[in-house]
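A.B. asks: Sharing a model prediction with you, sequence too.
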Amino acid sequence: MRRGFHSINHRLFLLFLFCMSGIVLVVSLLYYNRNTEQYHDKISDLAQKNVSQTVGLFDLLYKGYDSLSKTLSNNFDMVRKLNENYTEPAMAYITEQSITNMIGAIFYSRDDLVGIHVITDKGKIYNYGNYINVVDPNYKEQTWYKQIQESTGKMVWLGVFPHSLIDQNESRPVFAFGRQIFDLDEHKRIGIVLYETNPKPILEALDNLKLGQHTNVYVVSQDGRMVPTTITPQQAPEVKIPELGDKSKVKVQQDEGHLLIASRLPFTDWSVVSITPDKDLNVELMQMKRYLFIVVSILIIVSALIASIVSKTFSSPLKRLIREMKQVEMGNFRGELNVTSYQEINILVASFNRMVKRIEELIERVKISSVSEKNAEIHALQSQVNPHFLYNTLDMIYWMLDENGEGNEELGEIVLSLSHMFRYSSHWEEGAEVTLREEFEQIGHYLTIIQFRLEGRLKVEMDADERWMNIRIPKMTLQPVIENAVKHGLESLGSRQGILRVTVRQDGKNLGIMIADNGCGMEQMALTKLIASLDERRPSGKGPGGIGLQNLHLRLKHMFGEEYGLRIYSMPGEGTTVTIVIPLPQSQGGEEHEYSDR
């Protein structure tokens, strides 16, 4: 499990999953918070507009009820009749009927009135509304009665009640308000008038303040007394009502768990307060939260699928590459990996394929080089009939010629050169390397014999910087080329002077050893055929000493690479130039010089 966790597939999967899920969660959280703020701001704006509209409705209702309450308190006939004391029953009955008719006229002028009750200080009560009135005998002890009596003459807003305040037979909900009745002539109070109306307009105005199902609306007096605004009894609010200085000001307060909206009524010192719990406000937010939860869950699942697909697009080519590397590790170089993935992975796979192919070529080259070295060794040995005996015999001939006196110096020099050549070629080891200096010495002995054989018609020019003389090259590298130049280029000149130039030049990171002759050269067809034969994979072994140009070219390619070997240039009648291209050691960098094929 731990090993699987450390795999690139699992790591990439978890990385993509965490990144994509984190982005989704952060964006969703920011979106939710932003929408929550905007939603609360809209709720606050809506609440302020509702409060303003409700206050306006209350103002209209208040003015209407205030005007209604003044129709009796300002009726001089009513005030006069209430002040009169009649001892005669007939007059008293007529006065009572007149007062009742005045109250009835007002009662029928409006459809919302439930009852009108006029109570004098002398204890006389005039009712109009329910046909069978049963007056509460303890009405003087009730709070509403004391509130009207203690007023300064303005209309007293009593509130909404589940039934009549004074008529025990009236069970309908009522909205009650009252006013004192004054005798303006004597400037004294003579009674009160109590109005009870249908509470529907008040309740509808208060419902306009409700933002949710559980919103509570309160009307609070200046002294903190609650004015009933619902048919069922209300409990005092559990939150502190904010202070409102300006009558036109609307206070919106977002506390923990609820939204409070308060405003002072313009016609009194009362305040209307709306308290809405967050569970009502956040209904849409809860729906949005559930929606976001579903969307985020789906996005996380999609992110997991995308992360799995993306991680596999990375890991699958790498797994195939690992399997192919194990095949290479077991020695199978024949396979080729074909992958279509990201550019970097494609480059990696292409580099791996090139590396495997290169390794296979190098192994094959080493095999061929080993076979070529063995063949060269065999050919060299075949050409040496007991070489140790041969060069010892040649040494003995040289000393015998030297003892016989003058006239034999050239013959002795030839014999000595031949002895050195045999001694050099007899020490053949697989993969043997020598310095360029040793190769130059070897071809010097060879050219000594050739110059004697051509009777002075060969001129040799050798140009090599001392710094290249210690570079190591394969043994018997120069002699096959020079031997080929002499045999096919210089021997056919006849009496014309032959020139053989050996030049060493640097070309970038390579070293070129140019062997040029001024022989008869080659036709283009023969040159093309010769160049084509160099890359044949079956060394012919033809040539002087059994080591031909083809053999030498293949040896150089097998040892150094495909870009190295022999380069041949020839023109009929002008001669031939063969360039041996080998790599320079890294320490021999130096400056780069160009060399030509001529």
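C.D. replies: Good, I have the coordinates. Numbering: from 1, shown residues only.
A.B. asks: so where do the strands sit in the stretch 1-150 of the chain?
C.D. replies: Using DSSP state E, counting those that start in this stretch, the strands of the stretch 1-150 of the chain run over residues 113-120, 125-128.
A.B. asks: who touches the longest one?
C.D. replies: To tie it back to what came earlier, the one meant is strand 113-120. Counting contacts by Cβ atoms under 8 Å, 6 or more residues apart in numbering, the residues outside strand 113-120 that touch it are 72, 78, 82, 99, 103, 106-107, 125-130, 139, 145, 164, 166-167, 170, 172, 174, 181, 190-198. Where C-beta positions appear, they are placed from N, C-alpha and C, glycine not excepted.
A.B. asks: I'd like the average pLDDT over that strand.
C.D. replies: Along strand 113-120, the predicted local confidence has a mean pLDDT of 88.
A.B. asks: gap between it and the chain center?
C.D. replies: A distance of 78 Å separates the C-alpha centroid of strand 113-120 from that of its chain, computed with Cα atoms, centre = their mean, to the nearest Å.
A.B. asks: Direction included, what does that strand pair up with?
C.D. replies: Strands that pair with strand 113-120, judged by DSSP bridges, come out as strand 125-128 (antiparallel), strand 188-197 (antiparallel).
A.B. asks: Put the alpha carbons of that strand into CSV.
C.D. replies: Output for strand 113-120, consisting of C-alpha atoms alone and laid out as CSV, is shown next (Å, rounded to 0.1, in the frame of the first residue of the first chain):
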residue,chain,number,x,y,z
LEU,A,113,-67.3,49.5,13.7
VAL,A,114,-68.1,46.8,16.1
GLY,A,115,-69.3,48.9,19.0
ILE,A,116,-69.3,52.5,20.4
HIS,A,117,-69.5,52.9,24.2
VAL,A,118,-70.0,56.3,25.9
ILE,A,119,-69.3,56.2,29.7
THR,A,120,-70.0,59.3,31.8
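A.B. asks: for that strand, which positions count as buried?
C.D. replies: Taking 16 or more other Cβ atoms under 10 Å as the basis for neighbour counts, the residues of strand 113-120 that come out buried are 113-120.
A.B. asks: With stretch 521-539 instead?
C.D. replies: Buried residues in stretch 521-539, counting neighbours by 16+ other Cβ under 10 Å, are found at 521-522, 527, 530, 534, 539.
A.B. asks: Also stretch 53-61?
C.D. replies: Across stretch 53-61, burial judged by 16+ other Cβ under 10 Å covers 54-55, 57-58, 61.
A.B. asks: got it, and stretch 465-478?
C.D. replies: By 16+ other Cβ under 10 Å, the buried positions in stretch 465-478 come out as 468, 471, 473-478.
A.B. asks: now for those, which pair is the farthest apart?
C.D. replies: Across those, no pair lies farther apart than Trp468 and Met476, at 18.4 Å, counting by Cβ to Cβ.
A.B. asks: Which among the strands paired with strand 113-120 is found nearest to Tyr446?
C.D. replies: Ranking the strands paired with strand 113-120 by distance to Tyr446, with Cβ to Cβ as the measure, places strand 188-197 first at 141.5 Å.
A.B. asks: got the CA coordinates for the closest one in CSV?
C.D. replies: What follows is strand 188-197, C-alpha atoms only, in CSV (Å, rounded to 0.1, in the frame of the first residue of the first chain):
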residue,chain,number,x,y,z
LYS,A,188,-64.1,69.7,32.7
ARG,A,189,-64.2,66.0,31.8
ILE,A,190,-67.6,64.5,31.7
GLY,A,191,-66.8,61.0,30.4
ILE,A,192,-65.1,58.8,27.9
VAL,A,193,-65.9,57.3,24.5
LEU,A,194,-64.7,53.8,23.6
TYR,A,195,-64.6,52.7,20.0
GLU,A,196,-64.2,49.1,18.9
THR,A,197,-63.6,48.4,15.3
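A.B. asks: moving C-terminal of that strand, what's the next helix or strand?
C.D. replies: Using DSSP states H and E, the helix or strand that directly follows strand 188-197 along the chain is helix 200-207.
A.B. asks: Which strands and helices lie in contact with that next one?
C.D. replies: The helices and strands touching helix 200-207, judged by 3 or more Cβ pairs under 8 Å, 6 or more residues apart in numbering; DSSP states H and E, are helix 8-73, strand 216-220.
A.B. asks: now the first one against strand 113-120, angle please.
C.D. replies: Put plainly, it is helix 8-73. Between the axis of helix 8-73 and that of strand 113-120 there is an angle of 50 degrees, by axes from the mean of the first three to the mean of the last three Cα atoms, to 10 degrees.
A.B. asks: ok, now how distant is Lys557 from Leu61?
C.D. replies: The spacing between Lys557 and Leu61, counted by Cβ to Cβ, to the nearest Å, is 112 Å.
A.B. asks: Could you give the number of residues near the closest residue in space to Gln168 that isn't next to it in sequence?
C.D. replies: For Gln168, the nearest residue in space outside its immediate sequence neighbours is Val134; the separation is 4.3 Å by Cβ to Cβ, 6 or more residues apart in numbering. The number of residues packed near Val134 is 13, by other Cβ atoms under 10 Å.
A.B. asks: State the distance from Val134 to Ala176.
C.D. replies: Taking Cβ to Cβ as the measure, Val134 falls 17 Å from Ala176.
A.B. asks: Also Ala205?
C.D. replies: Summarising the geometry, the distance separating Ala205 from Ala176, computed by Cβ to Cβ, is 16 Å.
A.B. asks: What of Gly257?
C.D. replies: From Gly257 over to Ala176 the distance is 34 Å, taken as Cβ to Cβ.
A.B. asks: and what of Ser370?
C.D. replies: Noted for Ser370: a distance of 124 Å to Ala176, by Cβ to Cβ.
A.B. asks: which stretches of the stretch 351-500 of the chain have low pLDDT?
C.D. replies: By pLDDT under 70, the weakly predicted segments of the stretch 351-500 of the chain are 372-412, 422-423, 425-432.
A.B. asks: Which residue ranges of it form helices?
C.D. replies: 387-403, 409-426, 436-453, 478-485 (DSSP state H, counting those that start in this stretch).
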